[in-house]
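> for reference, the sequence and a predicted model appear below.
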Amino acid sequence: MAIEEQALHNEVETPSQVTELVEKLGTASRLPNLSRDVAALLAILFVVITYHIQHPTLLFRVQFGETFRDVQEQGFQEAIVYSLIGSIGLLIITWKRLLPERDQLIKVVQWSILIMFVYSLWQHKAIDSITWATLLGVLMLTYSHRKTWTIPALRYERLRLALIVGIGLYLLHICVLILQNTNIFVDSYNLNLEEFLDTLQMRRSEAEIFANTIKVLNGTALLGGLGLASIIYLWAPWNSIIHLRNKLLLDWRIDFAKDMLALLTLVLWFASYVLINPMWVQESSLAHDLDDTSWLIALGLLLVGGAFIGLHLQDTFSRSTQQERVYQRLRVAFAVGVGLYILHTTAVLLADYNALSDYYGVRNATIDELLADNARATALQPADLAAILAGVGLASILYFWSPWERWRAYVDVARRNLSAIIVAILTIVIWELGVDFFEIQQFLLPKPSAIWETFEEIYPGLIAGSWFTIKNAIQGFLVGCGAGIVTGTLSARFIRFSRAVLPLAVAANAVPIIAFAPISNAWFGLTSPDSKIAIVAVLCYFPAMISTVTGLTSVEQRQLELMKSYAASQLEIFRYLRLPTALPFIFSSLKLAATLAMIGAIVAEFFGGTPATALGFRIKNDAGLLRMTESWSAIIVASVLGIGFFLFISALERNAMPWYSSFRDQSR
Amino acid sequence: MTTVISIENLDKIFESRDGNTVHALKDINLEVEQGEFVSLIGPSGCGKSTLLRLIADLIEPTSGHLMINGLSPRQARLHRQYGFIFQNATLYEWRTVIKNVQLPLEVMNYSRRERDERARQMLELVELSDFANHYPWQLSGGMQQRVSIARALAFEPNLLLMDEPFGALDEMTRERLNNELLAIWRTISSMTVVFVTHNISEAVYLSSRVVVMSPRPGQIVDIVDIDLPRPRTPETMDSDHYFHLISQVRHLLREAH
């Protein structure tokens, strides 16, 4: 964490305190915390996936299924709900100053998990209830020692709230889509999903061109959404409203002029958006005499938009407390967002150059031709509206993330890992050249470039199929670690229990996991995911248990005496002393178990009883059929998922123990 | 004057696992009145820390009588009659400064509001209000020890047991903390302090009585009354009487050795 940010987090306000802090930290830079970046990237991934799922034409292309209903049958609905919960959870968990009410939010999350736990028990779902219970436990572990934080400057806070609303709007759309099985936009056009798809039916030869057309349209819509969100954020009308209510009308003329200018920019945004998007041109009245008005609107947008940006940025660079500087940089980013949109629009309308259609190699005439069928254009309109909303959501996430605040951390990370990066690049280069040089055959070791080509082709199917694997890995992880932590706690407390359980745990750890897999299949049923979950759980159990015991018993004598001097009960000693002492041990075993869980889930699938899309099954099957590039692509997805799982646990760890020494010193 | 600590014929013998015994304390007799500041001084191995830990009921005596406020040490501990301060600050590194001060209050089920109020008061007393939300590792050793004093005082015990609290600090910091400790002791009337140290000048400067101990087995050699006027200030250290008392304690220690 940069010292600046540290200062922000520690409510250090006066300059002398900041200097003191800087001195304190000295030259020992801290390990950069990238959990925020991981969370942001996951949130963006979430938007991308859900966006594809709710978009009929894209759905078709990415092979998640041909209709939304197919998607539901493949258990993908479940996947979305989980990823939704996961993303929101991660947002809450990793962004410390997300909301002043974060405490309450976490409490709400904990209670809902508790309800899910009771519900699963009620339904006699053993695995589910253990999963929920463990999740609850992990959350409580993580948030038993929270830092206090201050409420930052009001304007900044309101802006962040607006960003959350932006993300929330998109989430709402997706939630309604999944839970109510209604696409709000499709409904508003009185379209039926089945008809909708019929309208879009086409011959295979046409499909590729059509797909590219759709991409151009969607790109336009996303950019439009970015522009729209940026204009509103830069304008920040809620500030004016609050000024009005508080009768702070000192310079109301300027405020009024700003508001008018913002409204005018919005109107122009609207007009220009209709003009640059062929789909809407057909409907709007502007279209009939397009050539007459388009340059006027473009010019207007350029001028008014420029004035809007200028006027709203003019007072940005006046004050310079920490908080204000962050706020200012955020506003500059908004201005860049608006600027991007204006640039694109004027290029399309004035210079007749569309960067997006250029990129996808689609001629404007083709788009017009394809959309000449009016029914088709109407069918695509809801998708376009959804794309705008997704653009707003993406913009909000991006602004919220504020990567420009964090370049120092990135540089730091890059510098630390310079040797690793160089080695990685060298490995790939040598691999690529070596395969050619030694004339190694493709089925033995395909070239990285060949793997990448296959990957690009089949990744949607791989991602869709990996859900089965991830789910098993996560459930097995939670069950195994949950059992490990509970029995570990009991062993640390009761020696006799430890004597009884420890040999069993060692034995379980000694069983080769491959030997256990067929047996587990026999126990839990070949096709049941429970058999895979059991394997993962056995694999994760041992490290969790052993390190819980170690952690709980490695308490310092003096600290124990301190608790004794307070006449603390065993339970209090556990809560206030043993558990926090054990946290670093437990978390390092959880990190170990996270990677083990992925390995276990994949190995378990080698023994059959999985859907044909499951990751482990594909790896084995494709390798058996000598489709090596396919097999390698699946391996890439598996390792990325494993790394992701590991990073997620690391993020939780950082959050649980901001005080821990390896997060504050250089760990060398 | 009421007696806070009364010790009669106290013996402590440690038995190691291979059957060796160490006679740590032999025939200790001591009475400490309310509001006194008593120092236990002696070379290492004289059992002064052991005596303090016996009072705190962190270990149990082999024989003899020990009463604290008319209670057995165990009862006194269960009734939270004393605050204990260790040589190193023993702060919990996962808690911020204010949370560390609140720790005993949390264990003792004080209400959230009272916890907050008292912890802030205590931090003000040790002049660390600005660092309430820092983590212990962000503080210097002296500051950490001040936090531990605040923590020990948070639940207002009338007896403070200090086990070489400033032993690991440099001379300057130690002097400063000595003065602060005296100031705190003055503010909280009727608080009794038992202070273990191996620093003669520190013991003389702070105490109303100095208990000089000898090693193997640990015994009380003599008890020196420190009749320096209060309040004691850095000027006290320049007085002849102060030097006289120091040399008196030093002679006693040398004889005992």
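Noted; the coordinates are in hand.
> and the helices in the stretch 151-257 of chain B?
With helices called from DSSP state H, counting those that start in this stretch, the stretch 151-257 of chain B shows them at B:171-187, B:200-206, B:240-256.
> over to the stretch 201-350 of chain A?
A:204-235, A:237-245, A:252-276, A:278-281, A:290-313, A:322-349.
> and for the stretch 401-550 of chain A?
So, for the stretch 401-550 of chain A - with DSSP H, counting those that start in this stretch - the helices run A:407-416, A:418-437, A:448-493, A:495-510, A:513-524, A:529-553.
> report the distance from the first one to the chain centre.
Distance of helix A:407-416 from the chain centroid (C-alpha atoms, centre = their mean, to the nearest Å) equals 21 Å.
> buried residues, it. List them.
A:409, A:412-413, A:416 (16 or more other C-beta atoms under 10 Å in any protein chain shown). Every C-beta, even on glycine, is put in place using the N, C-alpha and C of the backbone.
> tilt between that helix and helix A:418-437?
60 degrees (axes from the mean of the first three to the mean of the last three C-alpha atoms, to 10 degrees).
> what about helix A:407-416, average pLDDT?
Here helix A:407-416 scores 83 as its mean pLDDT.
> for it, packing partners?
Helix A:407-416 is packed against no helix or strand, with contacts defined by 3 or more C-beta pairs under 8 Å, 6 or more residues apart in numbering or on different chains; DSSP states H and E.
> A:G600: which element?
In this assignment (DSSP states H and E), A:G600 forms part of helix A:579-605.
> could you dump the helices of the stretch 201-350 of chain A into JSON lines with mean neighbour count added?
Shown next, in JSON lines, are the helices of the stretch 201-350 of chain A (neighbours: other C-beta atoms under 10 Å in any protein chain shown):
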{"stretch": "helix A:204-235", "mean neighbour count": "21"}
{"stretch": "helix A:237-245", "mean neighbour count": "13"}
{"stretch": "helix A:252-276", "mean neighbour count": "18"}
{"stretch": "helix A:278-281", "mean neighbour count": "20"}
{"stretch": "helix A:290-313", "mean neighbour count": "17"}
{"stretch": "helix A:322-349", "mean neighbour count": "19"}
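> how much space between B:V249 and B:E33?
20 Å (C-beta to C-beta, to the nearest Å).
> neighbour count winner among the two?
Counted by other C-beta atoms under 10 Å in any protein chain shown, B:V249 and B:E33 do not tie: B:V249 has more neighbours, with 20 against 15.
> residue nearest the centroid of chain B?
The centroid of chain B falls nearest to B:M162 when counting by C-alpha atoms, centre = their mean (1.8 Å).
> return the set of residues that bridge with that one.
Under DSSP bridges, the beta-bridge partners of B:M162 are B:I85, B:F195.
> thinking again about what came up before, out of the helices of the stretch 201-350 of chain A, which gets nearest to chain B?
When those are compared by C-beta to the nearest C-beta, helix A:322-349 sits nearest chain B, at 15.9 Å.
> against A:L444, how distant is A:A612?
25 Å.
> buried set for stretch B:10-20?
So, applying 16+ other C-beta under 10 Å, buried residues of stretch B:10-20: B:10-12.
> and the residues you listed as TSV, adding pLDDT?
Shown next, in TSV, are the buried residues of stretch B:10-20 (pLDDT from 0 to 100):
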residue	pLDDT
B:L10	84
B:D11	85
B:K12	85
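> return the most buried member of the helices of the stretch 151-257 of chain B.
Highest mean neighbour count of those: helix B:200-206, a mean of 23 (counted as mean count of other C-beta atoms under 10 Å in any protein chain shown).
> give me the contacts around it.
The contact list for helix B:200-206, computed with C-beta atoms under 8 Å, 6 or more residues apart in numbering or on different chains, reads B:37, B:39, B:41, B:166, B:174, B:178, B:181-182, B:195, B:197, B:210, B:226, B:228, B:232, B:236-237, B:242, B:245-246, B:249-250, B:253.
> pLDDT averaged over that helix, what's the number?
87.
> do the same with stretch B:15-27
81.
> using CSV, write out the CA atom coordinates for that stretch.
Only the C-alpha atoms of stretch B:15-27 are listed here, as CSV (Å, rounded to 0.1, in the frame of the first residue of the first chain):
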residue,chain,number,x,y,z
GLU,B,15,10.7,-28.7,40.9
SER,B,16,12.1,-29.5,37.4
ARG,B,17,11.1,-32.6,35.6
ASP,B,18,14.3,-34.5,36.3
GLY,B,19,13.8,-34.1,40.0
ASN,B,20,16.1,-31.1,40.7
THR,B,21,14.7,-28.5,43.0
VAL,B,22,15.3,-24.8,43.1
HIS,B,23,14.5,-22.9,46.2
ALA,B,24,13.3,-19.7,44.6
LEU,B,25,11.9,-17.9,47.7
LYS,B,26,12.5,-18.6,51.3
ASP,B,27,10.6,-17.3,54.3
